[in-house]
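>>> what follows is a predicted protein model with its sequence.
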Amino acid sequence: MQRLYVMFPDRGPGLGLLWLRMCVASALLLPGTAAGGSWWLCLAATGLLLPGLLTPLAVALAVPGLYWQGAALPWLLLPLALLLLGPGAYSLDARLFGRRRLRRPPPPIG
């Protein structure tokens, strides 16, 4: 996951990505989601998008779910923007795969 995203932005951009994840998840839960038997797909994508867990997989589930729901083109492109930008600092992906602080051992004395 670290190789997919260069950074996990925080502050304003991170809040914007959190808002984007919440908007896509709410679009998946709109009435009519169960049409075509895709309710399980939308539920799985929502469950991954809200906490920001495995974002590429969540987007891969969200796009077909929105398509089967009959969403307009802008709603289909919204998850793709999330795929390109990444989950942001306020996500489980950032906690699990995000920035790491490398500590080198102190130099030997003597």
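In hand now; what should we look at?
>>> residues in contact with stretch 50-60?
When contacts are defined by CB atoms under 8 Å, 6 or more residues apart in numbering, stretch 50-60 is touched by residues 1, 4, 18, 21-22, 25, 45, 48-49, 79-80, 82-83, 86-88, 90-94, 96. In short, each C-beta sits where N, CA and C put it, glycine included.
>>> of those, keep whichever come out buried.
Buried members of the contacts of stretch 50-60, counted by 16 or more other CB atoms under 10 Å: 18, 21, 25, 45, 48-49, 79, 82-83, 86-88, 90-94.
>>> okay, buried residues for the helix or strand hosting Ala60 please.
Using DSSP states H and E, Ala60 maps to helix 55-69. For helix 55-69, the neighbour count (16+ other CB under 10 Å) marks 55-56, 58-59, 61-63, 65-66, 68-69 as buried.
>>> now do the longest helix seen in the chain against helix 55-69, angle only.
For the chain, the helix with the greatest residue count under DSSP state H is helix 11-28. With axes from the mean of the first three to the mean of the last three CA atoms, to 10 degrees defining the directions, helix 11-28 sits at 40 degrees from helix 55-69.
>>> which strands and helices sit next to helix 11-28?
helix 39-49, helix 55-69, helix 73-85 (3 or more CB pairs under 8 Å, 6 or more residues apart in numbering; DSSP states H and E).
>>> where in this structure is pLDDT low?
For the chain, the stretches flagged by pLDDT under 70 are 1-7, 9, 31-37, 99-102, 110.
>>> identify the residue nearest the geometric centre of it.
In the chain, the centroid-proximal residue (CA atoms, centre = their mean) is Thr55; its distance is 3.5 Å.
>>> understood, closing this out.
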